[in-house]
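K.L.:
no sequence for this one, just the structure:
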DNA sequence: GCGATTCTAATCGTATACGCTCATTGCGCG
DNA sequence: CGCGCAATGAGCGTATACGATTAGAATCGC
């Protein structure tokens, strides 16, 4: 429970560290969509002042993970079905571009490493961990394109939808199919067949997008219902987004 | 000279307003590449405190306009030739995507408006103003795709390279060619020929990229030389990026 | 004379404190 | 009884002040 506080504050600035922590929490689903993120809570939670918290939020807003409305606070950005489709469309456009430039530069060492990643992923059962490995696989696949801004943009998009991927993997195990598609992409890369590799990457991503979209529509409705119910109790609770902070405050009244 | 201070602080937050001002200044070329942006100077210049300045810088960093190194301050992001090429590659990928989705939704009113923009651009001689109109043309062309994140990303990329476009237009008048290409794209859109429209858009952007690249390599060398010379005088001047703030500080020592 | 080291100054990063905006609750009016 | 408006309160945004870190310069030792 204190792991956030104990985490190596390796990032040079507190703001960057906070941003990383919040990013992780959002991706892990610990903060659900639409969740309010009061600055005071953040400050108190992480034992710092508001300023670095504000900067972290600005940074995350740029990544599209939080919505920041002036004078009305920050909320975890909610992803609608069309938005997910949009992000995947952008991912296809950018990742095929990256792959196109990367295929030429992929060394045999890179290929071995990627193969190794697939093997590791084979045994990974935890959706969150698998999704992290998946992100790493894609990142390493594109890295040789030598386009830092492009890689950053791809990374950002990936993080934006990672929550959905995790939620999706949690119930329906897409692992099998994804593993197979990863192998196909890798094989095409090994043969330096750019056209084939990019086509298979497109199909891979498009399929993921379709599956998540199918999941998202009913899920959104369900979440809305939960939200409805929770908001009724919201006022009674002290810390909105923290799990069991020993809610021994504001209990009385009765 | 006080126009920044007089500008309607329409943006709800001071940080957003500052970011907009700085963005404009960078695009206009008033702040050259690699220029240091000390927080205190910013605060004094705009008559505010450091905090909104910091947030503005964080925001601009996210847009790729400034580089922000912890404990070492902010500098205007320098664009190398490969970076420009990279950004244009991303633009082609994303803008063709946007156009593909927009062509279907383009109304006749949109087409009329776009035609009007081209006409206005015909008579515009000022490179900066033309570049703004150019940005608007592209933005309006893609707007009907109904993908807000994609449009934001495109806008951000466009702003990133706008400085180069302005610098390019200033000496070599690319207007003619661009105007022609815009008309071709628009004609294809009118015929709902998605393939043709996207292809011509690609060529349009690729050509711009090539031209800027040709310009940039010698320009970079020249700028480096200027930088070299300026840095020799840098210590004597009080305000690095402000013109004539009566530098009467730290003169002595002799 | 040259290099490593310590000292200093400048600047960044963060904490505390205050003014202001916006949402909500209670009241009065139609 | 429902709707619009004013007062209250919580939370955001910004200014001031201080501690921390880094780059540069003078000094000391070799």
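P.N.:
All right, it came through fine. Nothing here was measured: the structure is a model prediction, and the numbers come from that model. Numbering: from 1, shown residues only, chains lettered A, B, ... in the order given.
K.L.:
can you pull out the strands in the stretch 151-254 of chain A?
P.N.:
Under the criterion DSSP state E, counting those that start in this stretch, the stretch 151-254 of chain A carries no strands.
K.L.:
so where's it shaky on pLDDT?
P.N.:
A:218-254 (pLDDT under 70).
K.L.:
got the residues of it near DNA strand D?
P.N.:
The stretch 151-254 of chain A comes close to DNA strand D at no residue, as judged by C-beta under 7 Å from any atom of the strand. Bear in mind the C-beta positions are built from the backbone N, C-alpha and C, glycine included.
K.L.:
list the helices and strands the strand or helix carrying residue A:112 packs on?
P.N.:
Counting by DSSP states H and E, the element that carries residue A:112 is helix A:108-123. In terms of contacts (3 or more C-beta pairs under 8 Å, 6 or more residues apart in numbering or on different chains; DSSP states H and E), helix A:108-123 is packed against helix A:127-142, helix A:175-190.
K.L.:
what angle do it and helix A:127-142 make?
P.N.:
Orientation check (axes from the mean of the first three to the mean of the last three C-alpha atoms, to 10 degrees): helix A:108-123 against helix A:127-142 gives 160 degrees.
K.L.:
so which of the helices and strands packed on helix A:108-123 gets nearest residue B:189?
P.N.:
Nearest of these to residue B:189, taken as C-beta to C-beta: helix A:127-142 at 31.7 Å.
K.L.:
and that closest one, what does it pack onto?
P.N.:
Short answer (3+ C-beta pairs under 8 Å, 6+ apart): helix A:127-142 packs on helix A:81-105, helix A:108-123, helix A:148-171, helix A:175-190.
K.L.:
can you give me the neighbour number for the one residue in the stretch 51-200 of chain A that gets nearest to DNA strand D?
P.N.:
In the stretch 51-200 of chain A, the residue found nearest to DNA strand D is residue A:73; the distance is 3.4 Å by C-beta to the nearest atom of the strand. Look at residue A:73: counted by other C-beta atoms under 10 Å in any protein chain shown, it has 14 neighbours.
K.L.:
residue in the stretch 151-254 of chain A with the shortest distance to chain B?
P.N.:
The nearest approach of the stretch 151-254 of chain A to chain B comes at residue A:153, 6.9 Å away (C-beta to the nearest C-beta).
K.L.:
right, I mislabeled it, should have said chain A
P.N.:
Residue of chain A nearest chain B, by C-beta to the nearest C-beta: residue A:62 (3.1 Å).
K.L.:
run a quick neighbour tally on that residue.
P.N.:
With other C-beta under 10 Å as criterion, residue A:62 counts 20.
K.L.:
check contacts around it.
P.N.:
By C-beta atoms under 8 Å, 6 or more residues apart in numbering or on different chains, the contact set of residue A:62 is B:58-59, B:62-63.
K.L.:
got a pLDDT number for it?
P.N.:
In this model, residue A:62 is scored at 92, pLDDT.
K.L.:
how near is the residue of the stretch 151-254 of chain A closest to chain B to residue B:149?
P.N.:
Distance, residue A:153 to residue B:149, using C-beta to C-beta, to the nearest Å: 11 Å.
K.L.:
tell me which of these two has more neighbours.
P.N.:
Set residue A:153 next to residue B:149 and count neighbours by other C-beta under 10 Å: residue A:153 wins out with 23 against 15.
K.L.:
picking up where we left off before, so what sits opposite the residue of the stretch 51-200 of chain A closest to DNA strand D in the bridge?
P.N.:
Taking DSSP bridges as the rule, residue A:73 bridges to residue A:69.
K.L.:
give me the pLDDT value at it.
P.N.:
Listed pLDDT for residue A:73 reads 90.
K.L.:
quick one: it and residue A:61, what's the gap?
P.N.:
12 Å.
K.L.:
cool, and residue A:12?
P.N.:
Distance from residue A:12 to residue A:61, by C-beta to C-beta: 21 Å.
K.L.:
who has more neighbours, the two?
P.N.:
Taking other C-beta under 10 Å, residue A:12 and residue A:61 do not tie; residue A:61 has more neighbours (18 against 11).
K.L.:
so which strand or helix has that one?
P.N.:
Per DSSP H and E: helix A:50-63 holds residue A:61.
K.L.:
does the helix or strand containing residue A:21 reach DNA strand D?
P.N.:
Assigned by DSSP H and E, residue A:21 belongs to helix A:14-28. No - Helix A:14-28 lies apart from DNA strand D when judged by C-beta under 7 Å from any atom of the strand; the minimum separation is 10.9 Å.
K.L.:
isn't residue A:34 right next to residue A:75, touching?
P.N.:
Yes - between residue A:34 and residue A:75 there is a contact under C-beta atoms under 8 Å: 5.6 Å.
K.L.:
separation between the nearest residue to residue A:167 once chain neighbours are set aside and residue A:35?
P.N.:
Nearest residue to residue A:167, sequence neighbours excluded (C-beta to C-beta, 6 or more residues apart in numbering or on different chains): residue A:29, at 6.7 Å. To residue A:35, residue A:29 is 11 Å away according to C-beta to C-beta.
K.L.:
same thing with residue A:212?
P.N.:
20 Å.
K.L.:
these two - which one has more neighbours?
P.N.:
Between residue A:212 and residue A:35, counting by other C-beta under 10 Å, residue A:212 is the more crowded of the two (22 against 18).
K.L.:
need the contact list for that one.
P.N.:
Here residue A:212 is in contact with A:84, A:88, A:161, A:164-165, A:168 (criterion: C-beta under 8 Å, 6+ apart).
K.L.:
ok, residue A:184 touching residue A:202?
P.N.:
No - checked against C-beta under 8 Å, the pair residue A:184 and residue A:202 is beyond contact range at 11.9 Å.
K.L.:
the residue of the stretch 51-200 of chain A closest to DNA strand D against residue A:40, yeah?
P.N.:
No - at 10.2 Å, residue A:73 does not count as touching residue A:40 under the criterion of C-beta under 8 Å.
K.L.:
any chance you could list what contacts stretch A:137-154?
P.N.:
Outside stretch A:137-154, the residues that touch it by C-beta under 8 Å, 6+ apart are A:91, A:94-95, A:97-102, A:105-107, A:110, A:113-114, A:117-118, A:121, A:155, A:158, A:182, A:185-186, A:189, B:64, B:83, B:86-87, B:89-90, B:153.
K.L.:
got the domain ranges for chain A?
P.N.:
Following automatic domain parsing, one gets these domains for chain A: A:13-78, A:81-216.
K.L.:
distance to residue B:19 added to those, as a markdown table?
P.N.:
Output for the domains of chain A, formatted as a markdown table (distance: least, C-beta to C-beta, whole Å):
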| stretch | distance to residue B:19 |
| --- | --- |
| domain A:13-78 | 10 |
| domain A:81-216 | 19 |
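K.L.:
out of the ones you listed, which comes closest to DNA strand C?
P.N.:
With C-beta to the nearest atom of the strand as the yardstick, what comes closest out of those is domain A:13-78 (2.7 Å).
K.L.:
do the closest one and DNA strand C meet?
P.N.:
Yes - if you take C-beta under 7 Å from any atom of the strand as the test, domain A:13-78 does meet DNA strand C, through A:13-15, A:47-52, A:55, A:70-72.
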